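Enquirer: Below: sequence and its predicted model.
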Amino acid sequence: MEFYSEIPFKTIEENLLTLFDDILLKTNSYSGSMFVFNHNKKVIFKSLKNINIHIESLDIGIIDKWALKNKNLIHLSDIKKISGLKDHLKRGIKDAIIFPIYLNGELLSIINLNKKDSFYETKEIEILKNHKKLLMSTISNIFYIKKIASQKTFFENQTKLISLILNIFEKTKTQERFIEHLIENLRKEFHIDIYIKRTKEKGKYSIKVNDEYYNIEIKYTDELNVLDFFEEKRQVDITEYINILMFVEKLLRLKKLEEIDKKIEKILKESREDLMLRFTSWKVFQEINSALSSIYLSLYTIDDNCKNELSEIIPSLDRIKNSITAYKKEFIKTEISKISLSKFMKEIIDKLRILNFKMEKNVKEDIELYIDKKIFENTLISFIVEIFKILHFQKYTEEIIIKIYKKDERCGVIEIFLKNIIIQEKDIDINIIKQTLDNFHMKLKIENTKNTIFKIFIPIK
């Protein structure tokens, strides 16, 4: 018995040959052939016995095709009644059966059986029909095993892909670097050409992060069985991988949050360092100056007999005093200038735009101040960033409204309005900020019922 097979499972091949041989034997058939098809109706297995033709040349004949249309067992007597088919009957054959086998409307196999000297008896036809279930079970196993294997491959590749994505996420610091490394590694590890374009317009397949879209297109894959792609060089339907896209979208959002966190910490650190330097230095120098004044006062009350000793001590004290004056002059410069509070707040808002919060400035009446602009700027930036830290943690999405107005002729107000959120003073680290504002004779007040309102009261001369 000759056979040709594309079935990758030897056990199934052997079972098919055994079943076909058993059918030939029990139906007392002299010759025959059997074809097995895949889901695309391509022949993946064929076998013959006592047919004078090479196995590779064996193909479905005209009578077979007619039988396939009818989807039923066809007997020789049926074929003889059809003028277009009887001419195709093989000589020397006394009886023949063509038996197509279907499962849920899908063609699985077709069997041809021939007798030279007798006709098929009813019991022999029943034997053939009884083998149908065994054949269906055996052939179905080909597809089930392939499906399980493909699902296993798919799962393994999905796992590998997720692991790759997480690894890239951990090693990159920004969204841009995350996307660059993702594209690079997908091409390297999976041979997938993926294109990700950042835009304001939504595409067919998009990931949205804040107000931006990342439009995604996967052109082709060069490798079989990668991410469950079973056709070479085909365009990929991204909807098959929507869960992966949603996973990447969440990671991009997390990466954006990481970026914002780092920006908040950087801005806060820079503004805080300057404030701490000035505030701490100011307190230290106040204490030193107070101590020096007390020492000077005490020295002038000492008896004249100690003048020689005093002449040695006083220059050292003067050196300390002069060093403090020089340090303050060099590193803690006070530069008083006239500012427009409206323009000043606009500059601060522009600097904080990188944190991706929606901010609106509402000026009812501008206020002009004479103040150390640098210290005041660092104070307000530190304060607003402290607020941002809480808003960022609570995923606040409302607009932040900053108002500037005059309470009366002697008092101006900077008001920060936050809708539908309650923040208490204990939630914010603002001790140094409050003390710095006190040095400017400004007061900070927090109102929190349904909304939170921060008010900085500014004296106007």
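Expert: Yep, that arrived.
Enquirer: Let me know the helix or strand that the spatially most central residue of the chain is in.
Expert: Most central in the chain under Cα atoms, centre = their mean is Val248, positioned 1.0 Å from the mean C-alpha point. Using DSSP states H and E, the element containing Val248 is helix 242-299.
Enquirer: Ok, Leu108 next?
Expert: Short version, using DSSP H and E: Leu108 is in strand 106-115.
Enquirer: burial count for Lys71?
Expert: 12 (other Cβ atoms under 10 Å). Every C-beta, even on glycine, is put in place using the N, C-alpha and C of the backbone.
Enquirer: The residue nearest to Lys26 when sequence neighbours are not counted and Asp22: what is the separation?
Expert: In space, and not counting its chain neighbours, Lys26 is closest to Ile127: 4.9 Å by Cβ to Cβ, 6 or more residues apart in numbering. Remark: distance between Ile127 and Asp22 (Cβ to Cβ, to the nearest Å) = 9 Å.
Enquirer: Now Lys450: phi and psi?
Expert: phi -80, psi -40 (degrees, to the nearest 10).
Enquirer: quick one: contacts for the nearest residue to it once chain neighbours are set aside?
Expert: Nearest non-adjacent residue to Lys450, counting by Cβ to Cβ, 6+ apart: Asn420, 6.9 Å away. Listed by Cβ atoms under 8 Å, 6 or more residues apart in numbering, the contact partners of Asn420 are 398, 450-451.
Enquirer: So which residues of the stretch 301-450 of the chain form helices?
Expert: For the stretch 301-450 of the chain, applying DSSP state H, counting those that start in this stretch gives helices covering 307-331, 341-351, 373-393, 431-439.
Enquirer: how about those in JSON lines, adding mean neighbour count and mean pLDDT?
Expert: Below are these laid out as JSON lines (neighbours: other Cβ atoms under 10 Å; pLDDT from 0 to 100):
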{"stretch": "helix 307-331", "mean neighbour count": "11", "mean pLDDT": "66"}
{"stretch": "helix 341-351", "mean neighbour count": "15", "mean pLDDT": "87"}
{"stretch": "helix 373-393", "mean neighbour count": "20", "mean pLDDT": "83"}
{"stretch": "helix 431-439", "mean neighbour count": "16", "mean pLDDT": "82"}
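Enquirer: Determine which of those approaches Asn114 most closely.
Expert: helix 373-393 (81.2 Å; Cβ to Cβ).
Enquirer: looking just at contacts, which helices and strands does that closest one meet?
Expert: Contact partners of helix 373-393 among helices and strands, from 3 or more Cβ pairs under 8 Å, 6 or more residues apart in numbering; DSSP states H and E: helix 242-299, strand 336-340, helix 341-351, strand 411-418, helix 431-439.
Enquirer: quick one: which of Ile127 and Asp22 has more around it?
Expert: Counted by other Cβ under 10 Å, Ile127 and Asp22 do not tie: Ile127 has more neighbours, with 17 against 13.
Enquirer: Double-check the more buried one against Ile23; I have them as touching.
Expert: Yes - counting by Cβ atoms under 8 Å, Ile23 is a contact partner of Ile127 at 7.3 Å.
Enquirer: And the average pLDDT for the helix holding Val248 is what?
Expert: Throughout helix 242-299, pLDDT has a mean value of 63.
Enquirer: Looking at Glu14 now. What's its pLDDT?
Expert: At Glu14, pLDDT is 89.
Enquirer: just use 36 as the starting number from now, easier for me
Expert: Sure, I'll start counting at 36 from here, so that last one is Glu49.
Enquirer: So which residues make contact with the helix or strand hosting it?
Expert: Using DSSP H and E, Glu49 maps to helix 45-61. Contact with helix 45-61 is made by 36, 38, 40, 42, 64, 67, 69, 71, 80, 82, 84, 146, 148, 159, 162-163, 166, 169-170, 173-174, 176-177, 180, as judged by Cβ under 8 Å, 6+ apart.
Enquirer: Just give me how far it sits from the chain centre.
Expert: When distances are taken as Cα atoms, centre = their mean, to the nearest Å, helix 45-61 is centred 51 Å away from the chain's centroid.
Enquirer: right, and the helix or strand after that helix?
Expert: Past helix 45-61, the next helix or strand by DSSP H and E is strand 66-72.
Enquirer: Contacts for that next one next, please.
Expert: With Cβ under 8 Å, 6+ apart, strand 66-72 has contacts from 42, 51, 55, 58-59, 78-86, 93, 95, 99, 142-149, 174, 177.
Enquirer: which of the residues you listed are buried?
Expert: Taking 16 or more other Cβ atoms under 10 Å as the criterion, what is buried in these is 42, 51, 55, 58-59, 78-84, 93, 95, 99, 142-149, 174, 177.
Enquirer: what comes up buried for stretch 86-104?
Expert: In stretch 86-104, counting by 16+ other Cβ under 10 Å, buried: 93, 95, 98-99, 101-103.
Enquirer: again with stretch 188-202
Expert: 188-189, 192, 196, 199-200.
Enquirer: swap in stretch 393-409?
Expert: So stretch 393-409, judged by 16+ other Cβ under 10 Å, has buried residues 394, 398, 402, 404, 406-408.
Enquirer: Of those residues, which pair is most distant in space?
Expert: Going by Cβ to Cβ, the pair spanning the buried residues of stretch 393-409 furthest: Met394 and Asp407, at 24.1 Å.
Enquirer: tell me the contacts of the residue nearest to Lys61?
Expert: 58, 61-62.
Enquirer: could you give the angle of the one helix or strand it maps to to strand 66-72?
Expert: Taking DSSP H and E as the criterion, Ile162 maps to helix 157-206. Using axes from the mean of the first three to the mean of the last three Cα atoms, to 10 degrees, the direction of helix 157-206 lies 30 degrees away from that of strand 66-72.
Enquirer: Show me how far helix 157-206 is from its chain's centre.
Expert: Taking mean C-alpha positions (Cα atoms, centre = their mean), helix 157-206 and its chain are 29 Å apart.
Enquirer: mean confidence score for it?
Expert: 83.
Enquirer: what angle sits between that helix and strand 141-150?
Expert: Going by the same axes, to 10 degrees, helix 157-206 makes 150 degrees with strand 141-150.
Enquirer: Report all helices and strands that the helix or strand following helix 157-206 contacts.
Expert: Next helix or strand after helix 157-206 toward the C-terminus (DSSP H and E): helix 210-225. Judged by 3+ Cβ pairs under 8 Å, 6+ apart, helix 210-225 is in contact with helix 157-206, strand 227-234, helix 277-334.
Enquirer: Could I get the buried residue list for helix 210-225?
Expert: 210, 213-214, 216-218, 220-221, 225.
Enquirer: Excluding chain neighbours, give the residue nearest to Leu426 in space.
Expert: That would be Phe392: by Cβ to Cβ, 6+ apart, it lies 6.8 Å from Leu426.
Enquirer: Tell me which residues touch the one you found, please.
Expert: Going by Cβ under 8 Å, 6+ apart, the list of residues near Phe392 reads 423, 426, 431, 435.
Enquirer: Tell me the spacing between it and Val71.
Expert: With Cβ to Cβ as the criterion, Phe392 and Val71 are 65 Å apart.
Enquirer: and what of Thr62?
Expert: 19 Å.
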